[in-house]
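# Predicted model and sequence follow; I will ask about them next.
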Amino acid sequence: GAGVSQSPRYKVAKRGQDVALRCDPISGHVSLFWYQQALGQGPEFLTYFQNEAQLDKSGLPSDRFFAERPEGSVSTLKIQRTQQEDSAVYLCASREGSALSVLRSRHFNQPQHFGDGTRLSIL
Amino acid sequence: GIQVEQSPPDLILQEGANSTLRCNFSDSVNNLQWFHQNPWGQLINLFYIPSGTKQNGRLSATTVATERYSLLYISSSQTTDSGVYFCAVTSNTGKLIFGQGTTLQVKP
């Protein structure tokens, strides 16, 4: 498809289970971001990939959160030993250029495009 | 870090009315985006507007980067405009920092 695709759309898990969330970015997009959106809040940054390299993981809330993008396209966000506070919508976004190209304004129109998100509920 | 504040937090309009949403940010930023999150949770890009003014149909946006604010104008509002409007600024690392949003309800 033409947009960012995320799966599953909804996920319910019991506390303590592991979950894996998938993101298919727009084809050819270099940058990929994961965000977490709690109920009633704005999305908050989790982690950033440039191709297969995870350049920023400063937003991951704990070592139970792990993200990968092994071939520089599809990304997976994994949450181990889930807890109730992990319940949120997890959003993935992609952008055509790298952070450096945006700063250099070689590609001036560089919005991030978001998927529909995965709504995770931990019981 | 950069702080992003949006106002008002909530807004109720009668269909056909106009409104202005504001976004203030605490430091110089590379870029700014406005999003509409519909009742189904989808984040829709409205504007990518680091400076200046852009218009798209009934919506327009103005960013004054030197004064660290952006405005989103909605004219002749429709019920389908309901939802949450977010402004987000881009940090030097490229990640988006979101405001808390303005929840808009347009009544028929």
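The structure has been received and is ready for your questions.

# beta partners for the spatially most central residue of chain A?
Taking CA atoms, centre = their mean, the centroid of chain A lies closest to residue A:34, which sits 2.2 Å from it. Taking DSSP bridges as the rule, residue A:34 bridges to residue A:47, residue A:92.

# Now tell me what touches stretch A:49-67 from outside.
Stretch A:49-67 is contacted by residues A:30-34, A:36, A:44-48, A:68-72, A:75-83, A:86, A:98-99, B:93, B:95 when judged by CB atoms under 8 Å, 6 or more residues apart in numbering or on different chains. C-betas here are computed from N, CA, C, even on glycine.

# so how far does it reach from one end to the other?
Start-to-end span of stretch A:49-67 (CA to CA, to the nearest Å) is 9 Å.

# and it, which residues are buried?
A:49-50, A:54, A:56, A:59-60, A:65-67 (16 or more other CB atoms under 10 Å in any protein chain shown).

# The residue nearest to the centre of chain A contacts residue A:94, correct?
No. Contact status for residue A:34 versus residue A:94: not in contact, 10.6 Å apart, counting by CB atoms under 8 Å.

# what about residue A:86, distance to chain B?
From residue A:86 over to chain B the distance is 17 Å, taken as CB to the nearest CB, to the nearest Å.

# Spit out the contact partners of that residue.
Counting by CB under 8 Å, 6+ apart, the residues that residue A:86 touches are A:64, A:79, A:120, A:122.

# Which PyMOL command selects the buried ones in the residues you listed?
To isolate the buried members of these in PyMOL, using 16+ other CB under 10 Å:
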select buried, chain A and resi 79+120+122
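
# right, and the pair among the contacts of residue A:86 with maximum separation?
Largest separation among these by CB to CB: A:64 and A:120, giving 12.9 Å.

# Residue B:56: what's it in contact with?
For residue B:56, the contact set (CB under 8 Å, 6+ apart) comprises B:46-47.

# hang on, isn't residue A:24 packed against residue A:32?
No. Counting by CB under 8 Å, residue A:24 stays clear of residue A:32, with 9.9 Å between them.

# name the element residue A:6 belongs to?
For residue A:6, the host element (DSSP states H and E) is strand A:5-7.

# mind listing the strands for chain B?
Under the criterion DSSP state E, strands of chain B are mapped to B:4-7, B:10-14, B:19-25, B:31-37, B:43-48, B:52-56, B:59-64, B:69-74, B:83-90, B:96-98, B:102-107.

# Could you dump those into a markdown table and include mean pLDDT?
Below are the strands of chain B laid out as a markdown table (pLDDT from 0 to 100):
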| stretch | mean pLDDT |
| --- | --- |
| strand B:4-7 | 96 |
| strand B:10-14 | 97 |
| strand B:19-25 | 97 |
| strand B:31-37 | 94 |
| strand B:43-48 | 93 |
| strand B:52-56 | 96 |
| strand B:59-64 | 97 |
| strand B:69-74 | 97 |
| strand B:83-90 | 94 |
| strand B:96-98 | 93 |
| strand B:102-107 | 96 |
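
# Out of the ones you listed, which one sits most buried?
Among those, strand B:83-90 has the highest mean neighbour count (mean count of other CB atoms under 10 Å in any protein chain shown), at a mean of 25.

# chain center to that strand, what's the gap?
5 Å (CA atoms, centre = their mean, to the nearest Å).

# Quick check: which helices or strands does it pack against?
The contact analysis (3 or more CB pairs under 8 Å, 6 or more residues apart in numbering or on different chains; DSSP states H and E) places strand B:83-90 against strand B:4-7, strand B:19-25, strand B:31-37, strand B:69-74, strand B:96-98, strand B:102-107.

# That's all I had, so thanks and see you.
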